[in-house]
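Peer 1: Here is a sequence with its predicted model. Questions after.
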Amino acid sequence: MTTPVRVRFAPSPTGKLHIGGARTALFNWAYARRHGGQFLLRIEDTDPERSTKEFEVAILDGLRWLGIDWDEGPDVGGPCGPYRQSEKYPQYRAVARQLVASGHAYYCFCSEERLEQVREQQGARKERQVYDRHCAALSSADAAARVAAGESAVVRFRVPPGETVCVDHIRGDVRFAHEEVDDWVMVRSDGSPTYNFCVVCDDVDMRITHVFRGEEHLVNTPKQVLLYRALAKTPPEFGHLPLMLGTDGKKLSKRTGDTALQDYRDNGYPPAAVLNFLCLQGWALDDRTAIFSIDQLVANFDIADVQKAGAVFDIDKFKWMAGEYLRKETPQQLAEHCAPFVVAAKLATPADLAARWAWFVEVVKTEQPRISIYGELPSRVAYLFQPDEAVAWEAEALEAVRKHPGAVQTLRAYRAWLEPRIANGVDAAALRGAAKGWAQEQGIKLPAFFQPLRLALCGVVHGADLFDVIALLGPRAVLARLEHAAQRLAG
RNA sequence: GGUCCCAUCGUCUAGCCCGGCCUAGGACACCAGGUUUUCAUCCUGGCGACAGGGGUUCAAAUCCCCUUGGGAUCACCA
């Protein structure tokens, strides 16, 4: 190992953290941890129109939620700061001046309108739409004089003839002919630096050794490599990660589903499951393991093993994986994770839950095999929190019960049988064992017994084991609900 | 349209770099059974792919070429 590995994740705080961005961060992080290097965070906020502090905070928060940590960044600082591009404008300006002085860049005075015109003409002739280098030939003295006189100008990079080979650990070397590379704008007329310019300045300043980012950046790479050369710096090695695709095969967008990491957090996906699933978008541990830990990722991750082709984001598999993680939790852990969702659904206050925490853990335990994400719990257990006389009845559940003419009598008979047997507490196992015998004695078929019972207690057609429900509800509520249901069905 | 990237079951992928162990493995989904008071979990089984065509080779999913298909990108946005 020669120079220490330094990689970075450089989000733009112009929106919520994209799920694909989270994966990019994850792979960079894993690479750094695997190689004993550093992972840094940099905020690319050179678009003042769209960048906000709120998004920046949310992005950092999302990464922390996933368990991704960074060695240097805007919040923790570090030796190569600032880690926020908006705080580095003087540095960029100095570099731009240096490049203009050395002839690697030049002032361009073309107006928006002229540029548009040129593009139009090129389009009409079916030519490539690039800058026609109108200002490239201006003498530096002339240009300097016009700038000094206050004329509006941008700074463009002067692309030399030749070709550039970019080292890519995922795709192999990628070759670009310079005729295809535009004399791109480095500094806008208002003096602000552009993305391709800042990225290189910062990656140089931060001594970044490897740049792993989405494939959409592949075509930017020659521009950046050329800039490194103009600066007499060694370019980093690259790795362009396959895109995450929607079900339409296009770059994942809001059209085809949730794209923000926050959405999955809000829906109650366990963070470890999100991490694991993200790994699978482009990488695999081996030929048979889908579920693996972050430690296994770090121990085995290699950028060269990353898939080249785009990965369709499969929400079904994601949800399955969430369920796998959720089911591995202890009921206590699961209860803690579900509690905020129950509160958010207004089923109970935090104080309510705390007051009967052991009970809530039991509730969660019975639902554990039935939910995949925390957010699914509230609607499934809502009946436990409703008043006994006002349990909401699903149309489907009522319909099923209407098919059993003796339902009212069955409920009353069972209530009478049950009352003395739960007077001193509920023994779910014993009741469960006795249930079929009772139905048989009464000459009632099982569906004609269980369907009305479930309607009375839960109001829904599907749910947890009925005797667990009886235990959860407790004797008083069970008897009350049976009575209410009998009346309601009779009336 | 130019440039660049990509191509294994419907989806995520293993295998490809270093041809033979591949009559291509696993997972999700789907289908069929089993367990069960419903649902879910769980268990068993099934369906299902090397885009097409050339070449190299004793041998190609694996190497080369072409075709086709898909995608990314072409801003004073990142």
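Peer 2: Happy to help now that I have it.
Peer 1: how near is residue A:109 to RNA strand B?
Peer 2: 8 Å (Cβ to the nearest atom of the strand, to the nearest Å). The C-beta positions use only the backbone N, C-alpha and C, and glycine is treated the same way.
Peer 1: Then residue A:189?
Peer 2: 4 Å.
Peer 1: Give the closest residue to that residue in space, chain neighbours not counted.
Peer 2: Spatial nearest neighbour of residue A:189, excluding adjacent residues (Cβ to Cβ, 6 or more residues apart in numbering): residue A:152 at 4.7 Å.
Peer 1: Which element, helix or strand, includes the one you found?
Peer 2: Here residue A:152 sits in a region with no helix or strand, counting by DSSP states H and E.
Peer 1: Number of residues surrounding it?
Peer 2: Using other Cβ atoms under 10 Å as the criterion, residue A:152 is surrounded by 12 other residues.
Peer 1: how much space between it and residue A:100?
Peer 2: Going from residue A:152 to residue A:100 by Cβ to Cβ, to the nearest Å gives 16 Å.
Peer 1: Same question for residue A:158.
Peer 2: Relative to residue A:100, residue A:158 is positioned 9 Å away (Cβ to Cβ).
Peer 1: hey, what's in contact with both of the two?
Peer 2: Counting by Cβ atoms under 8 Å, 6 or more residues apart in numbering, the contacts common to residue A:158 and residue A:100 are residue A:106.
Peer 1: With neighbour numbers in mind, choose between those two.
Peer 2: The neighbour comparison of residue A:158 against residue A:100 (other Cβ under 10 Å) goes to residue A:100, with 21 against 16.
Peer 1: In the lowest-mean-pLDDT helix or strand in chain A, which residues are buried?
Peer 2: The element with the least model confidence among the helices and strands of chain A, by mean pLDDT, DSSP states H and E, is helix A:112-124, at a mean of 87. Burial within helix A:112-124, assessed by neighbour count using 16 or more other Cβ atoms under 10 Å, is assigned to A:115, A:118.
Peer 1: these two touch, right, residue A:267 and residue A:373?
Peer 2: Yes - shown here, residue A:267 and residue A:373 form a contact pair, counting by Cβ atoms under 8 Å, at 5.7 Å.
Peer 1: between these two, which one's more packed in?
Peer 2: Under the criterion of other Cβ under 10 Å, the comparison of residue A:267 against residue A:373 puts residue A:373 first, with 21 against 15.
Peer 1: picking up where we left off before, and the least confident helix or strand of chain A, how far out from the chain middle?
Peer 2: In terms of Cα atoms, centre = their mean, to the nearest Å, the gap separating the centre of helix A:112-124 from the centre of its chain is 40 Å.
Peer 1: Same question for stretch A:260-280.
Peer 2: On the basis of Cα atoms, centre = their mean, stretch A:260-280 is displaced by 6 Å from the centre of the chain it belongs to.
Peer 1: Poorly predicted segments of the stretch 1-150 of chain A, please.
Peer 2: Segments of the stretch 1-150 of chain A classed as low confidence (criterion: pLDDT under 70) are A:1-2.
Peer 1: Could I get the full set of strands for it?
Peer 2: Shown for the stretch 1-150 of chain A, the strands assigned by DSSP state E, counting those that start in this stretch span residues A:6-9, A:38-41, A:105-108.
Peer 1: would you list these in a markdown table and tack on mean neighbour count?
Peer 2: Compiled in a markdown table, the strands of the stretch 1-150 of chain A are given as follows (neighbours: other Cβ atoms under 10 Å):
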| stretch | mean neighbour count |
| --- | --- |
| strand A:6-9 | 25 |
| strand A:38-41 | 24 |
| strand A:105-108 | 22 |
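Peer 1: I'd like those laid out as JSON lines, including distance to residue A:238.
Peer 2: Converted to JSON lines, those look like this (distance: least, Cβ to Cβ, whole Å):
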{"stretch": "strand A:6-9", "distance to residue A:238": "11"}
{"stretch": "strand A:38-41", "distance to residue A:238": "17"}
{"stretch": "strand A:105-108", "distance to residue A:238": "23"}
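Peer 1: just so I know, which of the ones you listed lies nearest residue A:258?
Peer 2: Closest to residue A:258 of the strands of the stretch 1-150 of chain A is strand A:6-9 (Cβ to Cβ; 20.6 Å).
Peer 1: Only alpha carbons, please: show the closest one as PDB.
Peer 2: Backbone C-alpha positions of strand A:6-9 (Å, rounded to 0.1, in the frame of the first residue of the first chain) are rendered in PDB as follows:
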ATOM      1  CA  ARG A   6      -9.000   8.800   0.700                       C
ATOM      2  CA  VAL A   7     -12.400   8.700  -0.700                       C
ATOM      3  CA  ARG A   8     -15.400  11.000  -0.400                       C
ATOM      4  CA  PHE A   9     -19.100  11.400  -0.800                       C
END
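Peer 1: Report the distance from that strand to the chain centre.
Peer 2: The gap between where strand A:6-9 is centred and where its chain is centred comes out at 19 Å by Cα atoms, centre = their mean.
Peer 1: Give me the contact list for it.
Peer 2: By Cβ under 8 Å, 6+ apart, strand A:6-9 touches A:21, A:24-25, A:28-29, A:31-32, A:37-42, A:63, A:70, A:203, A:206-212.
Peer 1: Could you identify the buried members of those residues?
Peer 2: Of these, these count as buried by 16+ other Cβ under 10 Å: A:21, A:24-25, A:28-29, A:31-32, A:37-42, A:63, A:70, A:203, A:206, A:208-212.
Peer 1: Restricting to those residues, which residues neighbour RNA strand B?
Peer 2: Taking Cβ under 7 Å from any atom of the strand as the test, RNA strand B is in contact with none of those.
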